[in-house]
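Based on what follows, work out the 3D shape:
(chains A and B)
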Amino acid sequence: MTDYFEVLDRDGAARIGELRLAEPVTTPARVDDVLVDSGSLWNADREVPDGDEGSLTILPHRSLPAGSREDVQDAFGTEHSDTEFPTAAVVASDTPTPQGADAYILSDAAGFVGHGEGFKDAIISAKDALPADTALVLSGVATPRNVALLAYAGVDGFDAKLAKVKGSQGKYLTSDNEAFLDDLDELPCSCPACQQPRDEFDREDCIEHNVAALEAELRRVRERVRAGRLRDYIEGQARHDNWLTAAFREFDDQYSYLEARTPVFRTSEISAATSDTIRRVEIQRFAERVTSRYRNRFDNPLVLVPCSARKPYSDSQSHGQFHDAIGYRGHTVSMTSPIGIVPPELELTYPAQHYDSVVTGRWSEDEKQFVASVLRQYLRRNEYPRVVAHVPDHGYRDIVERVEADSDLDFEYTVEGHPTNTDSLANLAGALEGELKFSKRERQHNTIKAIADYQFGEDAGDALFGDIEIQTTGRYPKLQVRNDDGDQLATMVPQYGLLAMTLAGGDRWVASDAPTKTVDIEGFVPHGSVLAPGVVDASDDIRPGDEVVIQGSAAFAVGRAEMSGPEMVDSTRGVASTVRHVRER
Amino acid sequence: MSKPSPEVYEEDRGMDAHNSVMREIRGLKEKHYDPHEPTRVWLDEDNTPGGVYDSLTIILNTGGCRWARAGGCTMCGYVAESVEGGSVAHDALMDQIQACLDHEANNADEPADLIKIYTSGSFLDEREVGAETRQAIAETFSDRERIVVESLPDFVDHEKITDFTDHGLAVDIAVGLETATDRVRHDCVNKYFDFADFEAACETAQDAGAGIKAYLLMKPPFLSEREARDDMVDSVRRCAAVDGCHTVSMNPCNVQQYTMVNELFRAGGYRPPWLWSVADVLERTADVDAIVVSDPVGHGSDRGPHNCGECDDRVQKAIKDFDLRQDPSVFEQVNCDCERTWELVIEEETSYAMPLTR
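Predicted coordinates:
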């Protein structure tokens, strides 16, 4: 049971936690000041000490260093049971056994930190075996350069041991480098230790600087996690040491580890500035849902248009001009890197209005392949009478032509030069000559259903809102969904383009064929939030930010998940879900 | 309140695990050796209770340690230097002795007064070296003053010792005690006997007119630099306090092929001790009533005891000086920037955060 650690906020695998000691520590952080070692069992028999609330007591341990074979790990593994005070247990990454501690220290960190694949294997193995609501600590490995990546992977606690030792060796550490002090003409830092002439700065100062640099980097990491923007930082900063880049790519290949921990929406921006952005969970998940859950409900021709820098696209000048030419006679789908393609119903849906690409007009082969493959799958799944490709040369047209080659559909190209010049727009309007306009009602209904498909699963839009007369009220993008009695079922949230349910909506969801994400709770009536210890069971596929139905013998509620389903079940601390509306029963 | 699992159970399981892993690791070795050649032979200078002697050191190839065949010590790769079939006949062993005498004749001005015979096992174990061979070797070296033979404490018997003392040789038995702490010897080194067995061997040797030279191992696997250093300081003191143990040879662990230590080292989980730690132990125990020496093997290399690469030779030289003079002031004359790093390692390294440097 975790009593003295609580996860307060998450950004993918990274999290903001609190070590609930007499003086609380907000993680990711250095924990050397609060760790109290009760010693190794290799050289003496030791009793578990009394411990106290002011520190994290490391239980007596037989640390197994990197390279220990499994036989030896099994034979010498130490087990402890629950204690009444804050504790940390030492375990090896490949055979960690939970022992009721609040934190776990991996004894083989020195072996795997520095190797992308080994690091990924160790962290995933440890995280799989240890309770989600306990802190993971790596001792003797953190530097200002690697600590962001370590936190990104899900590590909560660090220390300055290595930074100090490196300082004593004249190695000057920054978030981008490990330099030999003797090679530096200037000190690229303004910490107190660096406020002196270069030639007076010695190795003792270097130790002080390294510790300060590590602490500053940890502050940066915590701020990034709070802002939901650690990944954007990692994609750039990890370039400063190749193993760090290798490590986050290794994690990108472990999609399920990151996906389970990545929120379904954020309100912060995604910076698409590197070739790795395309592999982010948010991007892959959007493409996956658009090509496997979303379904086009319009009968009109498909009009492919280039994306705009301004989001949502419909607010941009270029899309305003496209709209004027199309006039609701075509289904305007935007092509974009790195998202793939965005149907207009999902233009507000995270991350479609949250990403910002570096636009130079140069497309990499990776980007072209990705967008082409998304478009190809999209056309396989959705029926259109024909395709009007209002896309400029270079990347866009190249992609469409690749897809056209595999398609039976008739493709018509309408851009001459620039998509917004008079001729192009006239061609676009001309191509849609004679096509019927769809109505505002159709547009609004289809938007709600499309979001429901995207959010809840294939065909969920029809299952939830198909067989009854529903009304949408309010003005786009603040659509409200009501049944024919006028009861509100859901609201579309403009900030991230997903639906928020009412109790009536929750009832419908449970009764419908759409897969329901459910949190089963004990017999209490939750107000404001459901805490993890009250959770009896939760759907496996719940992700942070997901809409959930909460039910127990005393209450029925709707709310938004704060952690994944497995984490809710696994945790004994923390907010599992917020509660929007609750009904006693 | 939590409690570690029962000790006895742990130790037996631990020994089984260590043995099984070590057998597997040793199984990787394919090389075999000529039973008519010694493993190694060299000339040196040694400090003994009888003063400093020129010495002839022989590593006899006897087919190796019986314990190692069961698995054996986590750091010991010498068993890998054993011969095929496991045992060496009397004639072959005597050929090895002759080869050593030839080496001495070719390289030394006169015969050494001190003979040291190691077997990477137990010279006094008759399954390694039979009574006939032992007596013939005693005869061969009867013109020397002093002989050191290596043995585990179990094999230290009155009669075996008198085979040598009868020729007027001063006899020392070198016992690979490794540490005075039973727990470390059992669980980190995987050696089966207890300190009490060592004390008993000292008594037997003393009764038979021989002395004991205790061999200690600095920094077995699983211990941090500080734990290793402290264990040595304590072990030197405890050995020196045992009657009959007149010399303590404290030797830093080096990384030998086909050992558990090697696997840990290669995976980044082990670093041999600092030479500063060796010097520190010698300095801290300079007051004990025994000769305390150290002979770091492979100093300055990644696989041997080392400091920063700049000062290794100087510190090694000071240690060798200390061996002969037993004067701790020799260490005042060596300094290096890396001493501060070593201090930090002593302060900061723990068994769950090691090694902090390579």
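
which residues sit in contact with whatever residue of the stretch 401-550 of chain A ends up closest to chain B?
Scanning the stretch 401-550 of chain A for the residue nearest chain B gives A:Pro533, at 21.6 Å (criterion: Cβ to the nearest Cβ). Bear in mind the C-beta positions are built from the backbone N, C-alpha and C, glycine included. Counting by Cβ atoms under 8 Å, 6 or more residues apart in numbering or on different chains, A:Pro533 touches A:Ser571, A:Thr572, A:Arg573.

try 6 Å
By Cβ atoms under 6 Å, 6 or more residues apart in numbering or on different chains, the residues touching A:Pro533 are A:Thr572.

Model confidence for it, exactly?
Reported pLDDT at A:Pro533 in the predicted model: 95.

now it: how far from A:Asp202?
Separation of A:Pro533 from A:Asp202 (Cβ to Cβ, to the nearest Å): 52 Å.

what's the answer for A:Glu433, then?
Going from A:Glu433 to A:Asp202 by Cβ to Cβ gives 80 Å.

Tell me which of the two has more neighbours.
A:Asp202 (12 against 7; other Cβ atoms under 10 Å in any protein chain shown).

which bits of the stretch 101-250 of chain B sit near chain A?
Counting by Cβ under 6 Å from any Cβ of the partner chain, the stretch 101-250 of chain B comes close to chain A at B:Val184, B:Asp187, B:Cys188, B:Phe222, B:Glu227.

Okay, and which of those map to helices?
B:Val184, B:Glu227 (DSSP state H).

Between the residues of the stretch 101-250 of chain B next to chain A, which sits nearest A:Ile451?
B:Phe222 (57.1 Å; Cβ to Cβ).

okay, the lowest-mean-pLDDT helix or strand in chain B in CSV with CA atoms only?
Lowest by mean pLDDT, DSSP states H and E among the helices and strands of chain B is helix B:7-26, with a mean of 75. Extracted as CSV, the C-alpha positions of helix B:7-26 are listed here (Å, rounded to 0.1, in the frame of the first residue of the first chain):
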residue,chain,number,x,y,z
GLU,B,7,19.1,-16.4,7.1
VAL,B,8,20.1,-20.1,6.9
TYR,B,9,17.7,-20.7,4.1
GLU,B,10,19.0,-17.7,2.3
GLU,B,11,22.6,-18.7,2.5
ASP,B,12,22.0,-22.2,1.2
ARG,B,13,20.0,-20.9,-1.6
GLY,B,14,22.6,-18.3,-2.3
MET,B,15,25.4,-20.8,-2.4
ASP,B,16,23.4,-23.1,-4.7
ALA,B,17,22.7,-20.1,-7.0
HIS,B,18,26.3,-18.9,-7.0
ASN,B,19,27.6,-22.4,-7.7
SER,B,20,25.2,-23.0,-10.5
VAL,B,21,26.0,-19.7,-12.1
MET,B,22,29.8,-20.1,-11.7
ARG,B,23,29.7,-23.6,-13.2
GLU,B,24,27.9,-22.2,-16.2
ILE,B,25,30.3,-19.4,-16.6
ARG,B,26,33.3,-21.6,-16.3
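
mind listing what residue 237 touches?
By default, I'm working from chain A. Per Cβ under 6 Å, 6+ apart, neighbours of A:Gln237: A:Ala148.

could you do chain B instead?
B:Val288.

Verify the assumption that it is located in a strand.
No - the assignment for B:Arg237, made by DSSP: H, G, I helix; E, B strand; the rest coil, is helix rather than a strand.

how far away is it from B:Asp289?
On the measure of Cβ to Cβ, B:Arg237 and B:Asp289 end up 10 Å apart.

hmm, back to that, from the residues of the stretch 101-250 of chain B next to chain A, pick the one nearest A:Gly417.
Each of these was scored against A:Gly417 by Cβ to Cβ, and B:Phe222 proved nearest at 72.5 Å.

any idea of the pLDDT on the closest one?
In this prediction, B:Phe222 carries a pLDDT score of 97.

What backbone torsions are found at it?
phi 80, psi -10 (degrees, to the nearest 10).

looking at it, it is touching B:Asp187, isn't it?
No - using Cβ atoms under 6 Å, B:Phe222 makes no contact with B:Asp187, being 7.4 Å away.

Give me the common contacts of these two.
Counting by Cβ under 6 Å, 6+ apart, the contacts common to B:Phe222 and B:Asp187 are A:Trp42.

So what's the predicted local confidence for the residue nearest to A:Ser93 when sequence neighbours are not counted?
With sequence-adjacent residues excluded and distances taken as Cβ to Cβ, 6 or more residues apart in numbering or on different chains, A:Ser93 is closest to A:Ala122, at 3.7 Å. pLDDT recorded at A:Ala122 is 98.

name the element the residue in the stretch 251-400 of chain A that chain B sits nearest to belongs to?
Closest contact between the stretch 251-400 of chain A and chain B, by Cβ to the nearest Cβ, is at A:Phe251 (20.6 Å). Assigned by DSSP states H and E, A:Phe251 falls within helix A:242-253.

Any chance you could list what contacts that helix?
Contacts for helix A:242-253 (Cβ under 6 Å, 6+ apart): A:Gly114, A:Gly116, A:Glu117, A:Phe119, A:Lys120, A:Leu149, A:Ile234, A:Ala238, A:Arg239, A:Leu258, A:Arg279.

what's the helix or strand for the third one?
The reference is to A:Glu117. Residue-wise, A:Glu117 maps onto helix A:116-129 under DSSP H and E.

Give me the distance between the closest residue to chain A within the stretch 51-200 of chain B and A:His394.
Relative to chain A, the nearest point of the stretch 51-200 of chain B is B:Val184 (5.2 Å; Cβ to the nearest Cβ). According to Cβ to Cβ, B:Val184 stands 70 Å off from A:His394.

So if I had to pick from those two, which one is more boxed in?
Between B:Val184 and A:His394, B:Val184 has the larger neighbour count (other Cβ under 10 Å), namely 24 against 12.

wait, doesn't that one sit right on A:Asn43?
Yes - the criterion here is Cβ under 6 Å, and B:Val184 meets it with A:Asn43 at 5.2 Å.

Could you check what's spatially nearest to B:Thr165, not counting adjacent residues?
Nearest non-adjacent residue to B:Thr165, counting by Cβ to Cβ, 6+ apart: B:Gly209, 5.0 Å away.

Point out the residues in the stretch 51-200 of chain A that sit beside chain B.
A:63, A:65-67, A:69, A:71-72, A:75-76, A:78, A:80-81, A:83, A:90, A:105, A:107, A:110-111, A:139-140, A:161, A:164-165, A:168-169.

ok, of the residues you listed, which come out buried?
Buried members of these, counted by 16 or more other Cβ atoms under 10 Å in any protein chain shown: A:63, A:65-67, A:69, A:71-72, A:75-76, A:78, A:80, A:83, A:90, A:105, A:107, A:110-111, A:139-140, A:161, A:164-165, A:168-169.

one step back: hmm, the residue nearest to A:Ser93 is touching A:Phe112, no?
Yes - using Cβ under 6 Å, A:Ala122 makes contact with A:Phe112 at a distance of 4.4 Å.

give the contact list for the spatially closest residue to A:Gly67 that is not a sequence neighbour.
The shortest distance from A:Gly67 to any non-neighbouring residue, by Cβ to Cβ, 6+ apart, is to B:Ala267 (2.8 Å). With contact set as Cβ under 6 Å, 6+ apart, B:Ala267 has these partners: A:Ala66, A:Gly67, A:Gly111.

Where helices are concerned, which of those residues count?
Per DSSP H, helices hold the following members of these: A:Gly111.
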